[in-house]
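Q: Need a 3D model of the sequence below.
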Amino acid sequence: MDEHPYTVVVGVSPGSASPTALRWAHEQAAQRGGRVVAVRAWRTTGPQATPSGTTAARVPSSTDTEHEAMSRLVSDVAAVLGPDHGVELRVVRGDRRRALLDAARDADLLVVDAPRSIASAPLFAHRLVYAASCPVVVMPPRISGEPRTPLERAGWAAVRAAGSAGRPGLGTPRG
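A: Coordinates of the predicted model:
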């Protein structure tokens with residue numbers, strides 16, 4: 001029988017570095033004598049335009065973009081867990097959802113921070129939960145310590161209002 005170590009895959013956002021998800025994933029793996037795989041998706045950037053409207057002389061290559069993504073992932077994980085973290089680091093070209101699902105195919109747990117974008121937050125986590133082959137833990141912004149911005153509060157109010165629009169008597173559940 002081939003025994004694999006307990007594996008926790010954690011998505012590391014390029015914007016926030018997902019500190020809460022990284023720490024929690026690291027603790028879960030340590031408690032079970034397992035390993036952590038930190039994943040970040042990347043995409044090739046398009047050419048930048050100059051003020052005259054022409055494209056810049058140097059267009060970043062996919063190799064340059066991949067090296068930059070790995071460099072940033074290395075520094076983000078080290079900033080959160082320290083330099084001797086022992087985490088396996090992977091950068092994957094493409095969509096973040098597909099990158100996480102592929103990395104978690106044989107994992108025991110997938111951990112992500114809730115997306116900070118109001119528009120993608122419910123759909124991203126929802127799609128991960130239903131498509132993953134292992135349990136998924138989504139760290140809510142309140143646990144991550146992210147303050148709610150006025151725009152975010154207004155956005156969620158609009159989502160709640162849209163959900164009950166046209167249904168008299170339907171209110172937001174009190175929790």
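
Q: got a list of contacts for the helix ranked longest in the chain?
A: Counting by DSSP state H, the longest helix found in the chain is helix 62-81. If you take Cβ atoms under 8 Å, 6 or more residues apart in numbering as the criterion, helix 62-81 is touched by 12, 14, 17-19, 22-23, 26, 38, 40, 42-45, 85, 87, 89, 91, 93. In short, each C-beta sits where N, CA and C put it, glycine included.

Q: Of those, keep whichever come out buried.
A: For the contacts of helix 62-81, a burial check counting by 16 or more other Cβ atoms under 10 Å picks out 12, 17-19, 22, 26, 38, 40, 42, 85, 87, 89, 91.

Q: which two in those residues are spaced the farthest apart?
A: Spatially, the most separated pair among those is His26 and Trp42, at 22.4 Å (Cβ to Cβ).

Q: Look at Pro150 and report its pLDDT.
A: Here the pLDDT value assigned to Pro150 is 60.

Q: I misspoke; the intended subject was Thr44.
A: pLDDT at Thr44 comes out at 75.

Q: distance of Leu22 from Thr65?
A: Applying Cβ to Cβ, to the nearest Å, the value for Leu22 to Thr65 is 23 Å.

Q: Strands along this structure, start to end?
A: Per DSSP state E, the chain carries strands over the ranges 7-11, 35-42, 88-93, 109-113, 136-139.

Q: what about the ones you listed, which gets the closest to Asp102?
A: strand 88-93 (7.1 Å).

Q: what angle sits between that closest one and strand 7-11?
A: Computed with axes from the mean of the first three to the mean of the last three Cα atoms, to 10 degrees, the direction of strand 88-93 lies at 50 degrees from that of strand 7-11.

Q: Which strands border strand 88-93, and is each parallel or antiparallel?
A: Under the criterion DSSP bridges, strand 88-93 sits next to strand 35-42 (parallel) in its sheet.
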